[in-house]
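Colleague: No sequence on hand, only this structure:
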């Protein structure tokens, strides 16, 4: 969209002319006519800078291979591959794809009405879109449905979704329903949402979530669709609480929502379940990009989460624990006040430590400000609990209350402790509560995000082998699992060179369940889960190229038995993953008979 242009108005004014009469020895002289009054020219009419009309869109070349990516985000197919489930390799299928050809990686397109024409052309390109490419054709139809939705053509979108499911069935792929078919359910739920059919939305969401109960993106997408349909914040909060056992990804959000709901025991418990151990710098044979920023980001997260926990402890009456945690945070910040010291041998610290320190040191003023603010809130809480409204008003005049659950809790504490009039405080608390309940009322569904969250197409050819990722020479292959032990923590790594994200997520969890049963336990705590997309960049004398190398899932688990959590991991006692349930759900899908003792 063209930026608005500035309109310049030139204002011209002429200076006033004046003259004065002169006298010589009081003799009369000729008096010139009086000076004319000052003349001020009126400004000319403003010059309206009219933007030239936008040029008409360039006509679409039906044979343009880039139209495929403009439609559904995948590169163009050719005779060697559909570009989505298999690479559209170059000459004889032996060379890397051309720049416009698909390499199975997705770049979410911009969904507009112009994308409809791109989809039309791509679907009509019989030279590239071969008759056997049913899954790719189904995805192009599904993408066209979203383009039509962006333009308000709901009937056209529904027709394309129907056509996509018909085309998908022609592929006769056993994994279609739980991958692309599941994504189509989400789109149908969106259509029902637009039509105000709440019950239909919830039914479709439940069906989709039941098909992939161990895939985070599926559960998250379904939960948000259900929230927008029902506008029930309490139900969404309960859903996140249930999901916290299986999905470490939701725990930060759950902790912050719990704070806004003044559920301080939940804040304290969930903080114990947020594992901020830095990942290994090498994941599944690949180096993690910007690893220093990854570690620095975890440091930042820990500061913020611990400040919130310190307030939660004070709000729960655990003042000594709150004070100790605040002191620990301050001690953690202390090294940022100066450069890192040299080693005992007089050398500089390792490069990674220096980079992390350099990333964090400019943030020290922000850290200190956050720590001071948290201490101020804890001090204000003590005043509120005294019931002294005059002292409390003076305190918040100097440091206004935040518009979140902490500020609301301070008002409620004052209201409960005061012996004077409470009507004004009740009104303020009610207004604050209404302000914090906006999540359920304002959450919206973004079509591009919905498309990006849907499972990628899955075929048997894209599934990795369920075996060790090392070959007989001990070399890492990128396919399969690696297991490492670190005290009570078991690290499970599962990678797939061609596998979609959801597949490696499920297979890593299946392996974790198998390890748990094989060790004689019936459940495990899922401390952390990281799923990383891998790419391989190669260069040669004629340039370079980057190709996707699938995904790798990295889990950290602690197996234990019911009622007997490992010391230090007690918070997981009520939020454990049941190993046999995982195996029962995923073993048949991947035709794996997990090696574990029978009950």
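Modeller: Great, that's in hand. The structure displayed is predicted, hence computed values, not measured ones.
Colleague: CA only for contacts and neighbour counts going forward, please
Modeller: Noted.
Colleague: buried residues in the one helix or strand residue 239 maps to?
Modeller: Counting by DSSP states H and E, the element that carries residue 239 is helix 233-243. Buried residues in helix 233-243, counting neighbours by 16 or more other C-alpha atoms under 10 Å, are found at 233, 236-237, 239-241, 243.
Colleague: Tell me the one of the residues you listed nearest residue 213?
Modeller: Closest approach to residue 213 among the buried residues of helix 233-243 (C-alpha to C-alpha): residue 243, at 10.0 Å.
Colleague: pretty sure residue 557 is in a strand, no?
Modeller: Yes: read with DSSP: H, G, I helix; E, B strand; the rest coil, residue 557 is one of the residues of a strand.
Colleague: element containing the residue lying closest to it once chain neighbours are set aside?
Modeller: Counting by C-alpha to C-alpha, 6 or more residues apart in numbering, residue 557 lies nearest to residue 526, which is 4.7 Å off, once chain neighbours are set aside. In this assignment (DSSP H and E), residue 526 forms part of strand 523-540.
Colleague: cool, and residue 174?
Modeller: Using DSSP H and E, no helix or strand contains residue 174.
Colleague: from what I can see it touches residue 461, true?
Modeller: No: Residue 174 lies out of contact with residue 461 (C-alpha atoms under 8 Å); the separation is 11.4 Å.
Colleague: out of those two, which sits in the busier spot?
Modeller: residue 174 (13 against 10; other C-alpha atoms under 10 Å).
Colleague: Show the backbone phi and psi for the more buried one.
Modeller: phi -60, psi -20 (degrees, to the nearest 10).
Colleague: Neighbours of the closest residue to it other than its chain neighbours, how many?
Modeller: Nearest residue to residue 174 in three dimensions, chain neighbours excluded: residue 459, at 7.5 Å (C-alpha to C-alpha, 6+ apart). When neighbours are defined as other C-alpha under 10 Å, residue 459 has 17 of them.
Colleague: Give me the pLDDT for residue 459.
Modeller: If you check residue 459, the pLDDT there is 95.
Colleague: With the one 3 residues further on instead?
Modeller: Per-residue confidence for residue 462 comes out at a pLDDT of 94.
Colleague: again, but for residue 372
Modeller: 98.
Colleague: From the contact counts, what lies against whichever strand or helix holds it?
Modeller: Assigned by DSSP H and E, residue 372 falls within helix 364-386. With contacts defined as 3 or more C-alpha pairs under 8 Å, 6 or more residues apart in numbering; DSSP states H and E, helix 364-386 has these neighbours: helix 291-315, helix 319-333, helix 389-398, helix 405-417.
Colleague: And these: which comes nearest residue 353?
Modeller: Nearest to residue 353, of the helices and strands packed on helix 364-386 and by C-alpha to C-alpha, is helix 291-315 at 8.0 Å.
Colleague: And the closest one, what does it pack against?
Modeller: Judged by 3+ C-alpha pairs under 8 Å, 6+ apart, helix 291-315 is in contact with helix 264-272, helix 319-333, helix 351-360, helix 364-386.
Colleague: For residue 488, find the nearest of those.
Modeller: That would be helix 264-272 among the helices and strands packed on helix 291-315, by C-alpha to C-alpha, at 16.3 Å.
Colleague: buried sites along that closest one?
Modeller: Using 16+ other C-alpha under 10 Å as the test for burial, helix 264-272 gives 264-268, 270-272.
Colleague: can you list contacts of the helix or strand harbouring residue 123?
Modeller: When secondary structure is defined by DSSP H and E, residue 123 falls within helix 114-124. Helix 114-124 is touched from outside by 60, 62-63, 65, 67-68, 70-72, 129, 137, 140-141, 143-144, 147-148, with contacts defined as C-alpha atoms under 8 Å, 6 or more residues apart in numbering.
Colleague: Appreciated, that's everything.
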